[in-house]
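**Student:** Using only what follows, build the 3D model:
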Amino acid sequence: MVEGVFAAPAFVPGFFAGMFPDAGVDELRTDFSHRYQVAREWIQAAETVGEAAGEMLDAAEALRFLRTHLVPGFLLPGTGGHLLATTGGTDDSAASLAELRDRFQQPEGAELVGGYQARTLLVPLTGLDRKAGPGAELDRLLGRWLPAFRGGVDLGTGQLTRLVVLPPQVPQEQLSTLGKGVLMLYEIRHAMGTQRHSPSRRSLDYWRAQAVLHGFEFALLERLGGSAYVSLVDRYARALRREGGLLAEPESVLTWRMRRWLTGIFGELADREVQLWASVAYRNAVAHSMDGRDDFAQHLMKRGTVAA
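**Tutor:** Here you go, the predicted structure:
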């Protein structure tokens, strides 16, 4: 099902051309197809990791959600700070950008609160999105190098929707296939666990949900990395015990041997990805050092740590 859903249509939708009026026909067609290719690459990475995780129930559920709920999506220039999205399918293919925007009727600055629709949009970004017009949240997403979960409005259905946004690709900093798969399943679990749109991150319940999400990531990495990942977490745990609390510079603990453990799990990694997985292992050690999930949730709330 996923293969068919993420096969690029032969036509470029009217709204897509309207987003980039200065782009030529060939550039639009190439970019449109490229987005579907990027989406398939991330999905295939998630499939690889999900299958490697074997009988891990949470990973299997994430794969099932990916296969049954994900559709390709596109972010449109927003209003009032909201993320507006639509699919590239036939339901919106004839609509112009103006027609889609007219479907969104909200006062400037109004908060969107409510339940999400069943379908979740997978939104690959490219460099062309920088030309789509101003938007603070879109700018933030374009500045990321990791996928992100967000809430927005699906203009095709008029409902609040979950968005999994894929970052623009930077050739010199390609993520490993295994790394992409873990990150993708992490954000799919994030989407699965978020049933309602609310801008507030202040409640402890929100951070309890984040602690559960991190726990999924830790368990997945232990399943994939085996003794190498366990040894990595143990090194950080020992450093925490020596320090008697959180480390001021956890990156200083990372040794050549620990880097070797990471490449043994993921394959050759760019420095940025080495630092990413080392930071996750450190967070895993911090979670182990705390008195239960509520304690870890309090820690996350204090640190503002949401993503891997």
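**Student:** so how far is stretch 73-86 from its chain's centroid?
**Tutor:** Counting by CA atoms, centre = their mean, to the nearest Å, stretch 73-86 is centred 17 Å from the centre of its parent chain.
**Student:** cool, stretch 60-71 as well?
**Tutor:** Offset of stretch 60-71 from its chain centre (CA atoms, centre = their mean): 14 Å.
**Student:** Could you number the chain from 47 rather than 1 from now on?
**Tutor:** All right, first residue 47 from here; so that's stretch 106-117.
**Student:** Need the mean per-residue confidence for that stretch.
**Tutor:** For stretch 106-117, mean pLDDT is 95.
**Student:** Now it - C-alpha only, PDB.
**Tutor:** Included here for stretch 106-117 are C-alpha records, laid out as PDB according to Å, rounded to 0.1, in the frame of the first residue of the first chain:
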ATOM      1  CA  ALA A 106       5.600  -3.400  14.800                       C
ATOM      2  CA  GLU A 107       2.700  -1.100  15.700                       C
ATOM      3  CA  ALA A 108       4.600   1.900  14.300                       C
ATOM      4  CA  LEU A 109       5.100   0.100  11.000                       C
ATOM      5  CA  ARG A 110       1.400  -0.800  10.900                       C
ATOM      6  CA  PHE A 111       0.500   2.900  11.400                       C
ATOM      7  CA  LEU A 112       3.000   4.000   8.800                       C
ATOM      8  CA  ARG A 113       1.500   1.500   6.300                       C
ATOM      9  CA  THR A 114      -2.200   2.400   7.000                       C
ATOM     10  CA  HIS A 115      -2.300   6.100   8.000                       C
ATOM     11  CA  LEU A 116       0.500   7.900   6.100                       C
ATOM     12  CA  VAL A 117      -0.200   9.900   2.900                       C
END
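**Student:** who touches it?
**Tutor:** Here stretch 106-117 makes contact (CB atoms under 8 Å, 6 or more residues apart in numbering) with 47-48, 51, 89, 92-93, 96, 99, 133, 135, 164-168, 210, 230-231, 234-235, 237-238. No exception for glycine: its C-beta is placed from N, CA and C like everyone else's.
**Student:** among the residues you listed, which are in strands?
**Tutor:** 133, 166-168, 210 (DSSP state E).
**Student:** ChimeraX command for the buried members of the contacts of stretch 106-117?
**Tutor:** To isolate the buried members of the contacts of stretch 106-117 in ChimeraX, using 16 or more other CB atoms under 10 Å:
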select :48,51,89,92,93,96,99,133,165,166,167,168,210,230,231,234,235,237,238
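**Student:** related to what we said a few turns ago, same list (the ones in strands among the contacts of stretch 106-117) but as a markdown table, adding pLDDT and distance to residue 308.
**Tutor:** Putting the ones in strands among the contacts of stretch 106-117 into a markdown table (pLDDT from 0 to 100; distance: CB to CB, whole Å) gives the following:
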| residue | pLDDT | distance to residue 308 |
| --- | --- | --- |
| 133 | 81 | 37 |
| 166 | 95 | 30 |
| 167 | 94 | 32 |
| 168 | 96 | 27 |
| 210 | 97 | 25 |
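**Student:** JSON lines for those, including distance to residue 61?
**Tutor:** Shown next, in JSON lines, are the ones in strands among the contacts of stretch 106-117 (distance: CB to CB, whole Å):
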{"residue": "133", "distance to residue 61": "10"}
{"residue": "166", "distance to residue 61": "20"}
{"residue": "167", "distance to residue 61": "14"}
{"residue": "168", "distance to residue 61": "17"}
{"residue": "210", "distance to residue 61": "20"}
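**Student:** Widest-spaced pair of those?
**Tutor:** Farthest pair in the ones in strands among the contacts of stretch 106-117 (CB to CB) is 133 and 210. Separation: 13.5 Å.
**Student:** Which neighbours do these two have in common?
**Tutor:** Common neighbours of residue 133 and residue 210 (CB under 8 Å, 6+ apart) are residue 167.
**Student:** Residue 173 reaches residue 84, doesn't it?
**Tutor:** No - using CB atoms under 8 Å, residue 173 is not in contact with residue 84, being 11.9 Å away.
**Student:** Looking at these two, which one has more neighbours?
**Tutor:** residue 84 (19 against 11; other CB atoms under 10 Å).
**Student:** And the pLDDT for that one?
**Tutor:** pLDDT, residue 84: 93.
**Student:** list the contacts for it?
**Tutor:** 170, 172, 212, 215.
**Student:** neighbour-wise, which of those residues leads?
**Tutor:** residue 170 (26 neighbours).
**Student:** Good, wrapping up.
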